[in-house]
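Undergrad: Pasting a predicted model and its sequence here:
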Amino acid sequence: MNILVFSWRDPKHPLAGGAEQVMHEHMKGWIRAGHNVTLFSSRVVGLPNTQTLDKVKIIRKGIQYLGVQLEGFLYYIKNRKKYDLVIDQFHGLPFFTPLYVKKPILAVVQEVAGKVWLKNEFPFPFNFILGLIGYLSEPFIFIFYKNIQFMTGSNSAKESLVKVGIPAKNITIIPHGVLVVRPKPIPKKEKTKTVIFLGAISRDKGIEDVLLTFASLNKMGNYKFWLVGRASDMYLKSIKNTSEKLGFSKNLTYFGFVSQKEKFRLLAKAHVLINPSLLEGWGLVNIEANSMGTPVVAYKSAGLVDSVKNNISGVITKKNTPEDLAVITDKILNNKKKYKALREGALIWSSRFNWKNSRKLSLALIQKIIIK
């Protein structure tokens with residue numbers, strides 16, 4: 001087959017995250033099975049308009065907010081005879097392919113954004129206006145997709161899709177794999193109890209609650225705090241001010257965006273990963289931490305309740321508050337028996353997720369869609 005994938009970000013985009021990694025791994029599997037894959041994505045300053053990555057042909061046109069959807073429509077109209085299957089990946093806004101594509105379509109959704117629309121990073125008042133428009137309009141967008149097959153990565157995401165009107169029979173859950181860059185040898189844990197947050201430094205990932213959790217833990221004992229992920233200048237300033245105001249700045253290290261190798265080294269050395277994200281399609285960082293024998297303490301949020309096996313690979317909070325996150329983290333790290341059991345459980349749980357199985361399942365799905 002010739003497959004066209006629409007996604008507003010490609011793996012090389014500076015803001016690419018777990019969703020882009022997941023899509024890329026599936027595309028690699030389809031190519032290995034003998035299919036041709038073209039990824040249509042937004043233009044990025046400093047990157048070529050066309051590029052081949054792991055045999056995936058990438059075409060970049062239009063800005064990532066709305067412009068790429070228009071360019072995608074124009075590209076498809078000109079090249080529609082070339083493709084047998086179209087993949088429409090949602091990032092809040094999809095490519096509205098049911099309105100103009102007559103070939104089989106597979107919609108790929110990591111999560112239904114919902115209230116996350118209201119946590120966008122645009123300056124006021126655009127953040128409020130655009131957030132409100134997105135939040136109110138999102139349920140209506142899915143009306144166009146009621147007869148389209150969906151692929152998603154967790155039961156939480158499936159439940160969210162059903163709530164916006166997608167029939168359950170049209171939704172296939174395909175668990176994500178995990179790409180582990182295992183340090184050799186695996187480093188020992190830090191001598192001082194170390195709590196790490198890994199991910200985009202943003203409101204929707206719960207960065208404010210991360211800082212408040214650090215502040216609470218700082219009062220409970222001798223801790224070190226690590227922040228790993230890309231942050232805007234605004235957040236860097238906020239992190240510095242907050243950490244100084246709440247008295248834990250001396251124990252805080254901000255690493256910024258790091259390589260895969262460095263990421264897994266830090267995950268291996270930290271004692272616990274905390275994750276207060278408001279909403280995830282899955283929560284890949286939880287599995288990555290578990291693969292290094294590092295348990296996770298996470299909010300009871302969609303996606304996180306799927307990727308954290310409660311009391312096995314980590315602990316889900318009863319209350320989604322920084323105080324609860326801190327108390328549970330402190331209890332775990334002061335109970336050697338419990339902590340050891342969680343470390344062992346984390347390794348066993350993470351071993352269940354691999355891309356060989358995930359690619360096999362997605363390949364079967366696209367073949368089923370074409371046959372229909």
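TA: In hand now; what should we look at?

Undergrad: residue boundaries of the strands in the stretch 251-372 of the chain?
TA: Ranges of strands in the stretch 251-372 of the chain, per DSSP state E, counting those that start in this stretch, are 252-256, 272-275, 296-298, 314-316.

Undergrad: Which among those is found nearest to Lys337?
TA: Distance to Lys337, taken as Cβ to Cβ, is lowest for strand 314-316 among those, at 14.4 Å. To be clear about C-beta, it is placed using only N, CA and C from the backbone, and glycine gets the same treatment.

Undergrad: now that closest one: how far from the chain's centre is it?
TA: Computed by Cα atoms, centre = their mean, to the nearest Å, the separation of strand 314-316 from the middle of its chain amounts to 18 Å.

Undergrad: ok, now stretch 361-372?
TA: 24 Å.

Undergrad: Nearest to Pro322, out of the strands of the stretch 251-372 of the chain?
TA: strand 272-275 (9.3 Å).

Undergrad: same for the closest one, what does it pack against?
TA: strand 193-198, helix 284-291, strand 296-298, helix 322-333 (3 or more Cβ pairs under 8 Å, 6 or more residues apart in numbering; DSSP states H and E).

Undergrad: Any buried residues in it, and which?
TA: Val272, Leu273, Ile274, Asn275 (16 or more other Cβ atoms under 10 Å).

Undergrad: can you put these in a markdown table and add distance to Tyr339 and pLDDT?
TA: Shown next, in a markdown table, are those (distance: Cβ to Cβ, whole Å; pLDDT from 0 to 100):
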| residue | distance to Tyr339 | pLDDT |
| --- | --- | --- |
| Val272 | 9 | 98 |
| Leu273 | 13 | 98 |
| Ile274 | 15 | 98 |
| Asn275 | 17 | 98 |
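
Undergrad: right, and the strands of the stretch 251-372 of the chain - which one's nearest His91?
TA: strand 272-275 (20.4 Å).

Undergrad: any idea how far the closest one is from the chain center?
TA: Distance of strand 272-275 from its chain centroid, counting by Cα atoms, centre = their mean, is 15 Å.

Undergrad: Partner strands of that strand and their direction?
TA: Its sheet considered, strand 272-275 pairs with strand 193-198 (parallel), strand 296-298 (parallel) by DSSP bridges.

Undergrad: Following the chain past the first one, name the next helix or strand.
TA: From strand 193-198 onward toward the C-terminus, using DSSP states H and E, the following helix or strand is helix 207-220.

Undergrad: what's the next secondary structure element after that next one?
TA: strand 223-228.

Undergrad: now for the next helix or strand after that following strand, which elements pack on it?
TA: Where DSSP H and E defines the elements, the next helix or strand beyond strand 223-228 is helix 233-245. Counting contacts by 3+ Cβ pairs under 8 Å, 6+ apart, helix 233-245 packs against helix 207-220, strand 252-256.

Undergrad: hmm, who's touching helix 233-245?
TA: Ile201, Ser202, Ile207, Leu211, Phe214, Ala215, Leu227, Ala231, Ser249, Leu252, Tyr254 (Cβ atoms under 8 Å, 6 or more residues apart in numbering).

Undergrad: repeat for stretch 358-372
TA: By Cβ under 8 Å, 6+ apart, stretch 358-372 touches 1, 3, 25-26, 28-30, 32-33, 84-85, 104, 106, 149, 151, 172, 174-177.

Undergrad: Low-confidence stretches in the stretch 101-250 of the chain?
TA: 114-135 (pLDDT under 70).

Undergrad: Also the stretch 251-372 of the chain?
TA: Using pLDDT under 70, the stretch 251-372 of the chain drops low at 372.

Undergrad: Now do the domain split for the protein, please.
TA: 2-177+354-371, 193-350 (automatic domain parsing).

Undergrad: Of those, which is nearest Lys184?
TA: Distance to Lys184, taken as Cβ to Cβ, is lowest for domain 193-350 among those, at 10.3 Å.

Undergrad: Closest one of the contacts of helix 233-245 to Ser7?
TA: Closest to Ser7, out of all of the contacts of helix 233-245 and judged by Cβ to Cβ, is Ser202, at 19.6 Å.

Undergrad: I'd like the distance between that closest one and His176.
TA: 21 Å (Cβ to Cβ, to the nearest Å).

Undergrad: Would you map the strands across the stretch 1-150 of the chain?
TA: Counting by DSSP E, counting those that start in this stretch, the strands of the stretch 1-150 of the chain are 2-6, 36-41, 50-53, 56-60, 85-89, 105-108, 149-152.

Undergrad: Tell me which strands the fifth one pairs with, and in which orientation.
TA: Here strand 85-89 is paired, per DSSP bridges, with strand 2-6 (parallel), strand 105-108 (parallel).

Undergrad: Quick check: which of those strands is nearest to Leu66?
TA: Using Cβ to Cβ, the nearest of these to Leu66 is strand 2-6, at 13.2 Å.

Undergrad: mind listing what's buried in the closest one?
TA: Across strand 2-6, burial judged by 16+ other Cβ under 10 Å covers Ile3, Leu4, Val5, Phe6.

Undergrad: what sits against the second one?
TA: In other words, Leu4. Contacts of Leu4 (Cβ under 8 Å, 6+ apart): Thr38, Phe40, Tyr76, Asn79, Lys82, Tyr83, Leu85, Val86, Ile87.

Undergrad: just to revisit the earlier point, take the contacts of helix 233-245 and lay them out in CSV including neighbour count and distance to Asp10.
TA: Below are the contacts of helix 233-245 laid out as CSV (neighbours: other Cβ atoms under 10 Å; distance: Cβ to Cβ, whole Å):
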residue, neighbour count, distance to Asp10
Ile201, 22, 22
Ser202, 19, 20
Ile207, 23, 25
Leu211, 23, 32
Phe214, 29, 34
Ala215, 18, 38
Leu227, 23, 26
Ala231, 18, 22
Ser249, 16, 37
Leu252, 20, 33
Tyr254, 16, 27
